[in-house]
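# okay, here's the prediction I keep looking at, along with the sequence it came from:
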Amino acid sequence: MKKDLLGIGDLTRDEIYLILDTAEAMREIGQRPIKKVPTLRGKTVVNLFYEPSTRTRTSFEIAEKRLSADTLNIAVAASSVLKGETLVDTAMNIEAMAPDVIVLRHASSGACHLLSRICRSRVINAGDGMHEHPTQALLDAFTIREHKKRIDGLKVVIVGDLLHSRVLRSNVLLLTELGADVWVCGPSTLVPIGVERLGVRVSTRVDEAVKDADVIMMLRIQHERMNGAFIPSVREYFNTFGMTPARVARAKPDVIIMHPGPMNRGVEIASEVADGPYSVILEQVANGVAVRMAVLYLLAGGVEGD
Amino acid sequence: MKRLLKGGRVVDPANGRDGVFDVLVDGDRIARVGHDLTVDAGVTVVEIPSGFVVCPGLIDMHVHLREPGQEHKETVATGTAAAVAGGFTAVACMPNTSPVNDNAGVTEYILKKAAEANLARVYPIGAVSRGQAGEQLAEIGELHQAGCVAITDDGRPVATAMLMRRALEYAGMFGMPVIEHCEDQTLKGDGVAHEGFHASALGLRGIPGQAESIMALRDIALAELTGGVVHIAHMSARQTLDAVRWGKSRGARVTCEVTPHHFVLTDEMLRAPIAYDTNVKMNPPLRETADRDAMLAGLADGSVDVIATDHAPHHYDEKRVEFDRAPFGITGLETAVSLCFDRLVHAGVVSLARLVELLSVNPARILKVPGGSLADGAPADITVLAPDLAVTISAARMRSKARNTPFDGWQLRGGVAATLVAGRLVYVNENLRISGFEDLRI
């Protein structure tokens, strides 16, 4: 593996499978009465979060603690940024205290690349702007594989705000690399220019897109996009793209429904679907811990000089 | 002082010359250009090495000198030092300083700093609107009287069609062009890179080429309406070039410029060699291959009038941030000539004579400033070029205060040998030994 995990593009297909296989073993640790192994004892992991995050930050922190790493959370409020310390200066100060890993969440695409150029510590991207969220894609793949026993040849449909989604970009790279037939679907105002060059089918008709799907992955529509700028209204969005039981019925009988969270019930997904029998949304959350343990172990678990 | 430049290839398209001539400089003027000129004792003879080119001084009609107000980025002194090292004997500087050059006081300040630096000639460009706010016209007549050669709200477009109309009409009284930074700001939004596959994949907000061409079409229509002269700055999109061609074919008074980075680089630079390198963030952004190739075609077929650098120095700290937070712009004065030789002349895109038109003759004509000619009696603004010199671009060794160039480390063929402004030697390439040009040697 490379020094850092900045995006799915940093991983070969073999490395993706290695992470998924390692995550199987890590999940078993989470099922023990004492959920802790000494693998990262003496290693320091800094969770540097420039954006509010409950799920991802908690998931990383639990993963780090289960591996016995010393963890430190730095939540940088927008006000501190305004006070004037740059990302580079903050990173160099943290770096001076010699952590082994920095987990970064940041609103700017490419922030992790900047950090990786100035830090000796390993950098894990926990979401950078509209760019990538690689551990989310890995945990999604882990969840899909658990249910379907394979990824190659599956029809995976991703529906929602494609333009602003880092989850989309990481999932497209990972799922196409592993041979899935990936469809992306959303209103034409929220489709990134040239996304078809990433090897996906693009559709603006959700009924067509979900037909015979093995996996339906919903993406969140953010509030600031809702009122006229990209879509006319919540009501129209739900009518046109919302995942309803009727739409789910067009997919394969054993379809699974995924969502990276946080969900907007009644906006992109009906509650009957989110809470229904096909939903694996909470399994995704559980698997997130195992997958992040695997990434941390594979990046930082070795002896210095490996 | 008299100096005879002997044995160089004189490329002077304004006077139909391209061949080996001697150039006799007397004081601040060109005394004579001819074959095998004989001279009296006391005249310094410069032995121009064989193959070197002697041409009218290069004029960069689009630079940001940052003074007054942003001296941490650049000053008139450092900017003009960079200019002469890049072969430019004159630069026209943009008004988006702090305060904005929207009144004679600022213009006079810039000219005073230029006189103190005493390197390249500096032609200030005034603002179209007060404070570049896009509301009221600046005192354009007074700016003209103080020494401004054109007006622009560069950095942003002239806000409304009505204001642009008035600017074209009003500036026309003084014979000045309106230089337009074409950008429909509603279409640009908060974009930071060319809207295309690479920006999409990197999660960067896009700026389509049409954000530029829409504004160019508006301005060409207004030039027709008013009879005014519009010059389209730093053209980047193929659609804009089509607009300019259309305007010229209709007889509209429109000219345009292209920067070296827009005819050399594409948006692939966003990903590699350095992903999210803020030194490939500029406005307009690097566009896709079809746009870059269109710029080369426009340079070759005569649709493009000028090569200008849009030299936009920024401090190291300002660029060492997240991509979307970095300011737009790169330096250009000290890389332009090498990029032009390597990618245009040696690549067979344009002839040397055409390059001199693009870098000297046409900017002088559009701005109505002296230069662009080696006629007898013309000001002795002369650039000596070394077409086959092996050049390695080094940001650390530049005269500019700033280091924000994506070309650091590039190896290119062709460079600047020496620069004379008003007959005075202001730059000699330290890697060359030219007999008769010793007076600058330390």
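Noted; the coordinates are in hand. Numbering: from 1, shown residues only, chains lettered A, B, ... in the order given.

# chain A: strands as residue ranges?
Counting by DSSP state E, chain A has strands at residues A:44-49, A:70-75, A:101-106, A:122-128, A:155-159, A:181-185, A:201-203, A:215-218, A:256-258.

# give the partner strands of the first one in its sheet and their orientations.
Strand A:44-49 has these partner strands in its sheet, going by DSSP bridges: strand A:70-75 (parallel), strand A:101-106 (parallel).

# for the ones you listed, which has the smallest mean pLDDT value?
Note on the strands paired with strand A:44-49: strand A:70-75 shows the lowest mean pLDDT, a mean of 92.

# returning to what we had before: turn the strands of chain A into a markdown table, including mean neighbour count.
Glycine gets a C-beta too; all of them are placed from N, C-alpha and C. A markdown table is the format used below for the strands of chain A (neighbours: other Cβ atoms under 10 Å in any protein chain shown):
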| stretch | mean neighbour count |
| --- | --- |
| strand A:44-49 | 22 |
| strand A:70-75 | 16 |
| strand A:101-106 | 26 |
| strand A:122-128 | 26 |
| strand A:155-159 | 24 |
| strand A:181-185 | 23 |
| strand A:201-203 | 16 |
| strand A:215-218 | 27 |
| strand A:256-258 | 24 |
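
# tell me which of the ones you listed lies nearest to residue A:87.
strand A:101-106 (7.2 Å; Cβ to Cβ).

# and the closest one with strand A:122-128, angle?
Taking axes from the mean of the first three to the mean of the last three Cα atoms, to 10 degrees, one finds that strand A:101-106 is oriented at 20 degrees with respect to strand A:122-128.

# how distant is strand A:101-106 from the center of its chain?
Counting by Cα atoms, centre = their mean, to the nearest Å, strand A:101-106 is centred 14 Å from the centre of its parent chain.

# return the helix or strand in chain A with minimum mean pLDDT.
One helix or strand of chain A scores below all others by mean pLDDT, DSSP states H and E: helix A:78-83, with a mean of 60.

# low-scoring pLDDT stretches of the chain, where are they?
Since you didn't name a chain, this refers to chain A. Flagging of chain A using pLDDT under 70 yields the residue ranges A:78-83, A:227-228, A:303-306.

# I was thinking of chain B, sorry if that wasn't clear
In chain B, residues with pLDDT under 70: B:441-442.

# quick one: buried residues of the longest helix belonging to it?
Assignment by DSSP state H gives helix B:210-226 as the longest helix of chain B. For helix B:210-226, burial by neighbour count (16 or more other Cβ atoms under 10 Å in any protein chain shown) applies to B:210-224, B:226.

# can you name the next helix or strand after that helix?
Counting by DSSP states H and E, the element after helix B:210-226 in chain order, helix or strand, is strand B:230-232.

# mind exporting the C-alpha coordinates of the longest helix of chain B to PDB?
Extracted C-alpha coordinates of helix B:210-226, given in PDB (Å, rounded to 0.1, in the frame of the first residue of the first chain):
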ATOM      1  CA  GLN B 210     -19.200  29.800 -22.500                       C
ATOM      2  CA  ALA B 211     -18.900  31.900 -19.400                       C
ATOM      3  CA  GLU B 212     -16.200  33.700 -21.400                       C
ATOM      4  CA  SER B 213     -17.700  33.500 -24.900                       C
ATOM      5  CA  ILE B 214     -21.100  34.900 -23.900                       C
ATOM      6  CA  MET B 215     -19.400  38.100 -22.600                       C
ATOM      7  CA  ALA B 216     -17.200  38.300 -25.700                       C
ATOM      8  CA  LEU B 217     -20.300  38.200 -27.900                       C
ATOM      9  CA  ARG B 218     -22.000  40.900 -25.900                       C
ATOM     10  CA  ASP B 219     -18.900  43.100 -26.100                       C
ATOM     11  CA  ILE B 220     -18.500  42.600 -29.800                       C
ATOM     12  CA  ALA B 221     -22.100  43.500 -30.400                       C
ATOM     13  CA  LEU B 222     -21.600  46.700 -28.300                       C
ATOM     14  CA  ALA B 223     -18.400  47.500 -30.200                       C
ATOM     15  CA  GLU B 224     -20.500  47.400 -33.400                       C
ATOM     16  CA  LEU B 225     -23.200  49.500 -31.800                       C
ATOM     17  CA  THR B 226     -20.800  52.200 -30.600                       C
END
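
# which bits of chain A sit near chain B?
A:86-88, A:106, A:108-111, A:113-114, A:117, A:128-132, A:166, A:169, A:192-195, A:197-198 (Cβ under 8 Å from any Cβ of the partner chain).

# try 6 Å
Proximity of chain A to chain B (Cβ under 6 Å from any Cβ of the partner chain) is limited to residues A:86, A:88, A:108-111, A:113, A:129-131, A:192-194, A:197.

# now the residues you listed as JSON lines including distance to residue B:365 and neighbour count?
Converted to JSON lines, the residues of chain A next to chain B look like this (distance: Cβ to Cβ, whole Å; neighbours: other Cβ atoms under 10 Å in any protein chain shown):
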{"residue": "A:86", "distance to residue B:365": "45", "neighbour count": "16"}
{"residue": "A:88", "distance to residue B:365": "46", "neighbour count": "17"}
{"residue": "A:108", "distance to residue B:365": "44", "neighbour count": "24"}
{"residue": "A:109", "distance to residue B:365": "43", "neighbour count": "26"}
{"residue": "A:110", "distance to residue B:365": "43", "neighbour count": "25"}
{"residue": "A:111", "distance to residue B:365": "47", "neighbour count": "29"}
{"residue": "A:113", "distance to residue B:365": "45", "neighbour count": "22"}
{"residue": "A:129", "distance to residue B:365": "46", "neighbour count": "23"}
{"residue": "A:130", "distance to residue B:365": "45", "neighbour count": "23"}
{"residue": "A:131", "distance to residue B:365": "46", "neighbour count": "28"}
{"residue": "A:192", "distance to residue B:365": "44", "neighbour count": "26"}
{"residue": "A:193", "distance to residue B:365": "39", "neighbour count": "16"}
{"residue": "A:194", "distance to residue B:365": "41", "neighbour count": "16"}
{"residue": "A:197", "distance to residue B:365": "44", "neighbour count": "12"}
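
# of those residues, which pair is most distant in space?
Farthest apart among the residues of chain A next to chain B by Cβ to Cβ are A:86 and A:197. That separation is 33.7 Å.

# re earlier: show me what the longest helix of chain B is packed against.
For helix B:210-226, the packing partners by 3 or more Cβ pairs under 6 Å, 6 or more residues apart in numbering or on different chains; DSSP states H and E come out as helix B:161-172, strand B:230-232, helix B:238-249.
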